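Asks: Below are the sequence and a predicted model for it; my questions follow.
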Amino acid sequence: MQHLSLEGQAGSTQFAAYLLDMNKVFELFVACFLASHFADDPAIQVEIQPDIWLDMDRQEKGIPDIVLRRDGRPYLVLDTKYKTFRGKPEEADRNQMVTYCHTLGLPRGILIYADDHTINHRADFKGIVLRAQSLALHGSLDTFKERCQQFALQFAEGI
């Protein structure tokens, strides 16, 4: 395979197909980037897919993508979406985040979309503020790195 690369079209060299779950790739990228960004701050911990019990009988489990903790206490829940934002969060995504916020006792949660358009959506659900925003994946590597740094900085304060 020397001097060959994969393209989005058929060519003369056979290659076994493979599939990447881009939802999972985006989720893990955001989580690992935030964990790396806050690695030197002992007050902030990044939990990746922690199990949380949604009910008192501990029968219904939820698995949020990312929970940010300050000094061991949750202060923000994040959920990643590798899809285009269409004006407002889909009902299932919204309900899931409101449930996570309620269960964790948090007043806010953020849906993060892999969308090239700027998103600044905010809705208040009886004391729980749900925001949606984007992390654009386009541009040069240097531009993307800077965008990721700015993205992470906002979470230090819990918005």
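Replies: Thanks, I have it. Just so we're clear, the structure is a prediction, and the values are computed from it rather than from any experiment.
Asks: looking just at contacts, which helices and strands does the longest strand along the chain meet?
Replies: Criterion DSSP state E: the longest strand present in the chain is strand 73-81. Strand 73-81 sits against helix 22-37, strand 66-70, helix 91-104, strand 108-113, with contacts defined as 3 or more CB pairs under 8 Å, 6 or more residues apart in numbering; DSSP states H and E. For every residue, glycine as well, the C-beta is placed using N, CA and C.
Asks: Looking at these, which one is packed in the most?
Replies: Highest mean neighbour count among these (mean count of other CB atoms under 10 Å): strand 108-113, with a mean of 23.
Asks: what comes into contact with it?
Replies: Residues outside strand 108-113 that contact it (CB atoms under 8 Å, 6 or more residues apart in numbering) are 30, 76-85, 89, 93-94, 97-98, 100-101, 119, 128-135, 158-159.
Asks: on that earlier part again, would JSON lines of the helices and strands packed on strand 73-81 with mean pLDDT be doable?
Replies: JSON lines is the format used below for the helices and strands packed on strand 73-81 (pLDDT from 0 to 100):
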{"stretch": "helix 22-37", "mean pLDDT": "94"}
{"stretch": "strand 66-70", "mean pLDDT": "96"}
{"stretch": "helix 91-104", "mean pLDDT": "95"}
{"stretch": "strand 108-113", "mean pLDDT": "96"}
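Asks: Compare the ones you listed and give me the one nearest residue 145.
Replies: Proximity to residue 145 (CB to CB) singles out helix 22-37 among the helices and strands packed on strand 73-81, at 9.9 Å.
Asks: Run the angle between that closest one and strand 73-81 for me.
Replies: Comparing the axes of helix 22-37 and strand 73-81 via axes from the mean of the first three to the mean of the last three CA atoms, to 10 degrees yields an angle of 140 degrees.
Asks: and helix 22-37 with strand 108-113, angle?
Replies: Using the same axes, to 10 degrees, helix 22-37 lies at 120 degrees relative to strand 108-113.
Asks: Distance from helix 22-37 to the middle of the chain?
Replies: Offset of helix 22-37 from its chain centre (CA atoms, centre = their mean, to the nearest Å): 7 Å.
Asks: for stretch 57-65, what is the average pLDDT?
Replies: Throughout stretch 57-65, pLDDT has a mean value of 93.
Asks: that older thread, strands paired with the longest strand of the chain, and their directions?
Replies: Strand 73-81 has the following sheet partners, assigned by DSSP bridges: strand 66-70 (antiparallel), strand 108-113 (parallel).
Asks: neighbouring contacts of the first one?
Replies: Contact with strand 66-70 is made by 27, 30-31, 34, 43-50, 52, 74-80, 104, 155, 158, as judged by CB under 8 Å, 6+ apart.
Asks: Understood, closing this out.
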